[in-house]
Structures are given as C-alpha cells and as structure tokens.
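Participant: Sequence plus predicted model, see below.
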Amino acid sequence: DAMVIQNPRYQVTQFGKPVTLSCSQTLNHNVMYWYQQKSSQAPKLLFHYYDKDFNNEADTPDNFQSRRPNTSFCFLDIRSPGLGDAAMYLCATSRGRTSGNEQFFGPGTRLTVL
Amino acid sequence: GQNIDQPTEMTATEGAIVQINCTYQTSGFNGLFWYQQHAGEAPTFLSYNVLDGLEEKGRFSSFLSRSKGYSYLLLKELQMKDSASYLCAVRGGDSSYKLIFGSGTRLLVRP
C-alpha cells in the first residue's frame, strides 16, 4: 500500500542534544510537509518542500531545519532541542499545492526531551 | 488574523447523529477539509468542500457556507470507533498550500 512512513514512532532525546526525525513516502507526491502538534492543539506547519524548493514558515524557530535528499525522503533536524520542543511531529504529503490536493499524514513521531 | 473555531469536546450515544461545527475567519478561502485523528495517531482525511452545500460520503457528510464562514461535519449511526478528534482545516487564499487547522473537537461516543 502506498503510504507515508515515519521513523522512529517514539524518540527520546536530552536537552540540547541534536535529533533527526525521518519521513518517507511511496506516493510519489511532489510536496512534503512537517507539522508540530502539541497535546490538544492544532497541528502547526513548520515548513514544506515543493519538489526541492524549501519553504519555511515565518514563525518557525531557527532551531528547526529540514532536508529532502530525494522525492521519497524528508528529514527534520532539531539542532538543540528544548523542553518546549516536546511534541508530536507529523509528516504529510500532497500531490500538489493547489486547492483540492488533500494531505496524507504519516503516523507521527512523538518526541520527548529530558 | 486567521482563526478556526471548533467546540473542544462533544459526547454522543452509539447509533445517534452528531454535528460538529466549525467557523473560520481567514484571508481568502480555497477549500475546507475535515480530518479524523485517533489519540496518538495521524490525522486521516474525511472530506473536502470548496463550494457551498453538502457533500455526503457514507455515514459522514460535510456542509459549507462560504458567506457565513461556516462548516459542519455530520456523523450518522455513530459507532464506538468514531470516538476521536475531528479537525477542521482551511486552505487560505494568501497561501494556496497552507492548511490552517482548528484545535479539534474531541468526540466521545458512549454505549
């Protein structure tokens, strides 16, 4: 089945220790997104790639970086995680960016910062 | 600013019908999505509305009124497995790619 895969599902890191979350997709979609979702809150878009074109949201902290080495993979790097970065991180894909292109979400990675 | 409002929690009985409302104020409008999210899992797509009216898909229906900035998700013949959060998301007009999510409505279905 075509899908969006995130690894690991649960990640524990220490305060200030860099961590990388990964996402892969078999849908061959052009767009990949990273969202941060804290408990009982709306998913918040951090950035997205349209093919190789990186688009950062204005309020995404510099602590968050992303890489997309090819169509299938996208990584979220948190350079110096703080306690406030503990959250669920959701990767999503869509075929395009225009109206009607639904986003398909991966299962998420729950990040704990000790 | 951009704002999506949904009730925080709702409770309903198995077999009943429930309506989850969503109101939005966004700069432009390019469609409204409803997603279902079970605890600890990813959101899954339920419905999409871009024109006024009702879209029906099995036990789920979604309604949109663009002039009122209003949508609802209607769930019929409720089942226990429908206990989840329901997220309303709007694609704003200023950024065609960006979905603005509401905080979600937690629905509890009781026997």
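Facilitator: That came through, no problem.

Participant: Enumerate the beta-bridge partners assigned to the spatially most central residue of chain A.
Facilitator: Nearest residue to the geometric centre of chain A (Cα atoms, centre = their mean): A:Trp34, 2.8 Å. Going by DSSP bridges, A:Trp34 is paired in beta bridges with A:Phe47, A:Cys91.

Participant: Repeat that for A:Ser66.
Facilitator: A:Leu76.

Participant: so it touches A:Leu45, yeah?
Facilitator: No. Judged on Cβ atoms under 8 Å, A:Ser66 makes no contact with A:Leu45 at a distance of 11.8 Å. For every residue, glycine as well, the C-beta is placed using N, CA and C.

Participant: Need the overlap of contacts for these two.
Facilitator: The contact sets of A:Ser66 and A:Leu45 overlap at A:Trp34 (Cβ atoms under 8 Å, 6 or more residues apart in numbering or on different chains).

Participant: so how many other residues sit close to B:Gly53?
Facilitator: When counting by other Cβ atoms under 10 Å in any protein chain shown, one arrives at 9 neighbours for B:Gly53.

Participant: if I look at it, how far off is B:Ser47?
Facilitator: Look at B:Gly53 and B:Ser47: by Cβ to Cβ, to the nearest Å, they are 12 Å apart.

Participant: Get me the contact residues on chain A for chain B.
Facilitator: Proximity of chain A to chain B, by Cβ under 8 Å from any Cβ of the partner chain, involves residues A:4, A:31, A:40-45, A:48, A:50, A:55, A:88, A:90, A:94, A:97-100, A:102-108, A:110.

Participant: Now the buried members of these.
Facilitator: Among those, those classed as buried by 16 or more other Cβ atoms under 10 Å in any protein chain shown are A:4, A:31, A:42-45, A:48, A:50, A:55, A:88, A:90, A:94, A:97, A:102-108, A:110.

Participant: thinking again about what came up before, contact partners for the residue nearest to the centre of chain A?
Facilitator: Contacts for A:Trp34 (Cβ under 8 Å, 6+ apart) come out as A:Cys23, A:Leu45, A:Leu46, A:Phe47, A:His48, A:Phe64, A:Ser66, A:Cys74, A:Leu76, A:Tyr89, A:Leu90, A:Cys91.

Participant: which parts of chain B sit against chain A?
Facilitator: B:4, B:30-31, B:33, B:35, B:40-45, B:48, B:50, B:87, B:91, B:96-99, B:101-104, B:106.

Participant: May I ask you to confirm that A:Ala42 belongs to a strand?
Facilitator: No. In this structure, A:Ala42 is coil, not part of a strand, as judged by DSSP: H, G, I helix; E, B strand; the rest coil.

Participant: contacting residues for it?
Facilitator: B:Ile4, B:Leu87, B:Phe101, B:Gly102, B:Ser103, B:Gly104.

Participant: Good, we can wrap up now.
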